[in-house]
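Asker: I'll drop the sequence and a predicted model, then ask my questions.
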Amino acid sequence: MAADLIVWRTDSLSDRGKEFIALACERTAQTVDDVLNEVTQNRMQAWEIKLVELPVCAYLTRIHTATKATYLEVVVMGGSGIEDWENLAHEAIIKFAKDNGCAWIEMTGRAGWKKKGIRRGWKQKAIVMRLEL
């Protein structure tokens, strides 16, 4: 299936893309408005993947520059029909990270991402735990 990858601007995210981001944000401390504001302020990058003009994935990334390294964080990702777009998203994320001098890519997600990541060479570096108060 041919895919058209649309990059960067908040206004380039379709309503459906914003819905994917909103669903992914349900598992974080941020709202969809919070993260889209970060995109508007150029602190995050918004991505959308369309297959045959239908948005099937949206995700946000952030470049971190620290003393030891510059790295890319995949902040949130959501979509439907992952088997159609996961390869394209993976390749685009790697290219963007390399193009921006990143030493690695980090992503926090649900347990299902671990199996998909390991299959592609990702390694589990930490476990995130949360105690609700």
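Answerer: Everything's here; your move. Numbers count the residues shown, from 1 in each chain.

Asker: shaky segments in this protein?
Answerer: Confidence mapping of the chain against pLDDT under 70 gives the ranges 1-11.

Asker: again, 50 this time
Answerer: Across the chain, the ranges flagged by pLDDT under 50 are 1-2, 8.

Asker: mind jotting down where the helices sit in it?
Answerer: 15-25, 32-40, 82-99, 112-119 (DSSP state H).

Asker: tell me what the longest one is packed against?
Answerer: Put plainly, it is helix 82-99. strand 3-8, strand 45-51, strand 54-65, strand 70-79, strand 104-107 (3 or more CB pairs under 8 Å, 6 or more residues apart in numbering; DSSP states H and E). C-beta coordinates here come from the backbone N, C-alpha and C atoms, glycine included.

Asker: figure out how far that helix is from the centre of its chain.
Answerer: 9 Å (CA atoms, centre = their mean, to the nearest Å).

Asker: columns mean neighbour count and distance to L54 on top of the helices of the chain, output as JSON lines?
Answerer: Converted to JSON lines, those look like this (neighbours: other CB atoms under 10 Å; distance: least, CB to CB, whole Å):
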{"stretch": "helix 15-25", "mean neighbour count": "19", "distance to L54": "8"}
{"stretch": "helix 32-40", "mean neighbour count": "17", "distance to L54": "20"}
{"stretch": "helix 82-99", "mean neighbour count": "15", "distance to L54": "10"}
{"stretch": "helix 112-119", "mean neighbour count": "12", "distance to L54": "22"}
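
Asker: need those helices in a markdown table (columns: distance to E53).
Answerer: As requested, the helices of the chain are exported to a markdown table (distance: least, CB to CB, whole Å):
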| stretch | distance to E53 |
| --- | --- |
| helix 15-25 | 11 |
| helix 32-40 | 22 |
| helix 82-99 | 13 |
| helix 112-119 | 26 |
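
Asker: ok, which of the ones you listed comes nearest I49?
Answerer: Of all the helices of the chain, the one in closest proximity to I49, counting by CB to CB, is helix 82-99 (4.8 Å).

Asker: sorry, back to before: and E73, which of the helices of the chain is closest to it?
Answerer: Going by CB to CB, the one of the helices of the chain nearest E73 is helix 82-99, 9.8 Å.

Asker: got the helices and strands packed on helix 82-99 as CSV, with mean neighbour count and distance to L88 columns?
Answerer: Shown next, in CSV, are these (neighbours: other CB under 10 Å; distance: least, CB to CB, whole Å):
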stretch, mean neighbour count, distance to L88
strand 3-8, 14, 5
strand 45-51, 21, 6
strand 54-65, 19, 8
strand 70-79, 20, 11
strand 104-107, 16, 15
